[in-house]
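In: Show me how the following folds:
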Amino acid sequence: MQIAHRAIGPAHPPLVIAEIGINHGGSLDVAKAMVTAARLAGCEMVKHQTHFVDDEMTDEAKSIFPPNADKSIWDVMLECALSKDDEIALKKHAEDLGLIYISTPFSRAAADFLAEIGVAGFKIGSGECNHVPLIRHIASFGKPIIMSTGMQTIDSLRPSVAALDASGVDYALLECTNLYPSPPEIVSLQGITELRQAFPRAVIGFSDHSIGPSMAISAVALGACILERHFTDTRYRKGPDISCSMDPAELRFIVDRSKEIHTALNNPKVRTAPEEDVYRFARGSVVADRDLPAGHVITEQDIWARRPGSGEISVQHFDRLIGARTRSALKRNQQLKWADLDGVEPQA
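Out: The predicted model follows:
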């Protein structure tokens, strides 16, 4: 798939998304500072959350308290939502820095607004990934979609994925655990493999709410093409998602290490050209393990393999030499040559 100018898939380095989310606490200036910090740390894409609370929730939400906050979900989002003008300004700031800007709409009104301001793609959060009517609505804009799959099973995801397939848009599915932060006891790296097997049309990634970079970079080795993590310019800020957010140093670490892992992941099991010099000294060559007379029939006790590997007969041919006859006398530790032996065919 491709979002803006960025191609995403197994053939490309993992895309690391810095989720600003609601970490700005409703301040445009803080949001801009976070975007700038993400850019300086080597990020290519930032993600926001677009909350139009009246279209997103009912009054019942005023009595629901999320486990990572001390106030209702209604109040959290009301305090942290940017105005339309502020989000337009944030998008412009990100794009002026060369970043790709996407956001998660939590309602139809938010999706319509993001389509109007021309986002390059949409993110669908885990809470909405079984909301098929909203998924169809977002897909109707024809933009690529990244969807987190937390709190779902493979079977419960099938209707949503079917809706994405029917729309014809390019899409990615992110393995995700929705606890903030997520301890390793409940994080499922195995889910990356299961998603890839169940939905072969999808690009697969990992939305990480754990603490530290280990889960995210491990996901790359399992084939994750997208890494998404909450981001803050400093962990000294307050907010429900700060505890599982990466700071600029950790973002840079994940960007750099994920590229290295991707590079190594695509290398076949071969002896590489740079290893040749090592190979010449590190492998063993077959030698006489004691003085041997001419005409002697070689037994396993007569020979051994020792470094360097510059001899004519590599250790891999050791067993083939048993039963061969020496043509001339050999000294202990003398590297054997095929011409020294009768009764065995030379091998390269």
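
In: going forward, measure contacts between C-alpha atoms and count neighbours the same way
Out: OK.

In: which regions of the stretch 1-150 of the chain lie under the pLDDT threshold?
Out: By pLDDT under 70, the stretch 1-150 of the chain contains no weakly predicted segment.

In: What residues of stretch 172-191 count as buried?
Out: Buried residues in stretch 172-191, defined by neighbour count with 16 or more other C-alpha atoms under 10 Å: 172-182, 187-189, 191.

In: Quick check: of those, which lies closest to Phe318?
Out: Nearest to Phe318 among the buried residues of stretch 172-191 is Leu189, at 43.3 Å by C-alpha to C-alpha.

In: so how far is Glu175 from that closest one?
Out: Note on Leu189: its distance to Glu175, by C-alpha to C-alpha, to the nearest Å, is 8 Å.

In: which one of the buried residues of stretch 172-191 is nearest Lys92?
Out: Of all those, Lys92 sits closest to Ala172, with 24.9 Å by C-alpha to C-alpha.

In: Helix or strand next in line after the lengthiest helix in the chain, which one?
Out: Taking DSSP state H as the criterion, the chain has its longest helix at helix 248-265. Counting by DSSP states H and E, the next helix or strand C-terminal to helix 248-265 is helix 276-282.

In: Identify the residues contacting that following helix?
Out: Identification of contacts with helix 276-282 by C-alpha atoms under 8 Å, 6 or more residues apart in numbering yields 307-310.

In: Inside strands: which ones of the residues you listed?
Out: Among the contacts of helix 276-282, no residue falls in strands (DSSP state E).

In: of these, buried ones?
Out: Listed as buried from these are 307-309; burial here means 16+ other C-alpha under 10 Å.

In: Tabulate those residues (JSON lines), appending pLDDT and distance to Leu134.
Out: Below are the buried ones among the contacts of helix 276-282 laid out as JSON lines (pLDDT from 0 to 100; distance: C-alpha to C-alpha, whole Å):
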{"residue": "Arg307", "pLDDT": "96", "distance to Leu134": "67"}
{"residue": "Pro308", "pLDDT": "95", "distance to Leu134": "67"}
{"residue": "Gly309", "pLDDT": "93", "distance to Leu134": "65"}
